[in-house]
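Asker: The following comprises the amino acid sequence and a computationally predicted model.
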Amino acid sequence: MTGHIRPPQRRNARIAGVLVIMACLLLLAGCASAPQVSPATREALPDRVKLDDVPFHGQRDYQCGPASLAMVLNAGGRDASVDALIPQVFLPGREGSVQPEMLATVRRQGMVPFRIPGEYDALLEELAAGNPVVVMQNLALPAWPLWHYAVAIGYDLPDESLTLHSGMTPERVVDVARFDATWARSDRWAFVALAPGRLPASVGVDAAIRAIADFESAQGNRAALPAWQALAERHPDAAMVQFALGNARHATGDGPGALAAYRAATTADPELAPGWLNLGLLASREGDLQTARQALDRAAALPGPWQARARAERASLDQEAEE
């Protein structure tokens, strides 16, 4: 008798659990308030934006990750299908896609993924700049997560709404407060995927350096060069950006361009020992021995792992001059 009663009890428990979760979600949604948009952002951005050129791909069987990637990659001019992306990001054991593989797949497709700040203002800024945004949501509760990727393609500030390509619904208009509640449960994880040479509207210089460096590791110096060039134009006084640009130019055979970038890097930060070392080494190869000696002297005077190399190279120049 007991054996006949227990299965219905377990089934009822599951049903009750689902009802409790749904009730909690409705309560949370009812209590949620719309995220505040800063006065500066509200003044700078248009009231409404909708990116009509972002294609829609419907989600099938937990494949919101590949579908979201296909949408932003296609919008960026890459010919990537959902079926081709599934084996690159979809993990059957987890019934979904994890964030590192999402970003790695964007790099393999020749685009740069930039994580954006977890702020609603940043999301709006990217959309206003014409960049669709992949957002991660938890559609359930923290203890019982239901992870989901969607693509934000528009907003309406007066209406406090956001437009998403989500699931099987294109251009789904959602209340900002409800969206933000689900986005917050993913720590507001989001990114844009841009062709090298295009930069996000909301990402700071340090985060951009990390994103481009990761892309460079995957695709090489030549592919990353337009991204470093664009970042150096936006942040001409950022020493590490100029240093990275110099390295990329040197790796692609642009000696004069690399020298100019190393000079800019050491001007921006006179304590940048690797910048002085690279400037000295390249100037020596280019036959500018005066610049080489001066740069190596500066590198040799700075403490750190490059000091011994700088002193050895400087001594080698003196020895060659004596011969």
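Answerer: Yep, it's here.
Asker: Which helix or which strand is home to residue 179?
Answerer: helix 176-184 (DSSP states H and E).
Asker: Tell me which residues are up against that helix.
Answerer: Under the contact criterion CB atoms under 8 Å, 6 or more residues apart in numbering, helix 176-184 has outside partners 28-29, 32-35, 120, 135-139, 148, 155, 160-162, 164, 190. Every C-beta, even on glycine, is put in place using the N, C-alpha and C of the backbone.
Asker: pLDDT of it, averaged?
Answerer: The average of the pLDDT scores along helix 176-184 is 98.
Asker: quick one: average pLDDT of the helix or strand just after it?
Answerer: Counting by DSSP H and E, the element after helix 176-184 in chain order, helix or strand, is strand 190-194. Strand 190-194 comes out with an average pLDDT of 99.
Asker: contact partners of strand 190-194?
Answerer: Residues contacting strand 190-194 (CB under 8 Å, 6+ apart): 69, 72-73, 76, 102-103, 106, 109, 111-116, 118, 122-123, 126, 131-136, 152, 183, 200.
Asker: rerun at 6 Å
Answerer: Contacts with strand 190-194, where a contact means CB atoms under 6 Å, 6 or more residues apart in numbering, come from 72, 76, 106, 111-116, 126, 131, 133-135, 200.
Asker: Would you mind checking which of these is nearest to residue 244?
Answerer: Set against residue 244, the nearest of those by CB to CB is residue 112 (13.4 Å).
Asker: If you count contacts, what does the strand or helix carrying residue 279 end up packed against?
Answerer: In the assignment (DSSP H and E), residue 279 maps to helix 273-285. Here helix 273-285 is seen to pack against helix 255-268, helix 289-301 when contacts are counted using 3 or more CB pairs under 6 Å, 6 or more residues apart in numbering; DSSP states H and E.
Asker: Residue 101 sits in which helix or strand?
Answerer: Per DSSP H and E, residue 101 falls inside helix 99-108.
Asker: I'd like the average pLDDT over that helix.
Answerer: The average pLDDT for helix 99-108 rounds to 96.
Asker: which strands and helices sit next to that helix?
Answerer: helix 82-89.
Asker: what about the helix it packs on, average pLDDT?
Answerer: Mean predicted confidence for helix 82-89 is 92.
Asker: the inter-axis angle of that helix versus helix 99-108?
Answerer: Orientation check (axes from the mean of the first three to the mean of the last three CA atoms, to 10 degrees): helix 82-89 against helix 99-108 gives 120 degrees.
Asker: what's the average pLDDT for stretch 266-277?
Answerer: 98.
Asker: For that stretch, buried residues please.
Answerer: 266, 268, 269, 272, 273, 274, 275, 276, 277 (16 or more other CB atoms under 10 Å).
Asker: now do stretch 312-323
Answerer: 313, 314.
Asker: which residues touch it?
Answerer: Under the criterion CB under 6 Å, 6+ apart, residues 296, 300 lie in contact with stretch 312-323.
Asker: Need the CA coordinates for it. CSV is fine.
Answerer: The C-alpha coordinates for stretch 312-323 follow below in CSV (Å, rounded to 0.1, in the frame of the first residue of the first chain):
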residue,chain,number,x,y,z
ALA,A,312,73.5,43.5,-21.6
GLU,A,313,72.1,45.1,-24.8
ARG,A,314,73.7,48.4,-23.9
ALA,A,315,77.1,46.8,-23.3
SER,A,316,76.8,45.0,-26.6
LEU,A,317,76.2,48.3,-28.4
ASP,A,318,79.4,49.7,-26.8
GLN,A,319,81.4,46.7,-27.8
GLU,A,320,80.2,46.8,-31.4
ALA,A,321,81.2,50.5,-31.5
GLU,A,322,84.7,49.7,-30.3
GLU,A,323,85.2,47.1,-32.9
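Asker: and that stretch, how far from the chain's centre?
Answerer: Distance of stretch 312-323 from the chain centroid (CA atoms, centre = their mean, to the nearest Å) equals 45 Å.
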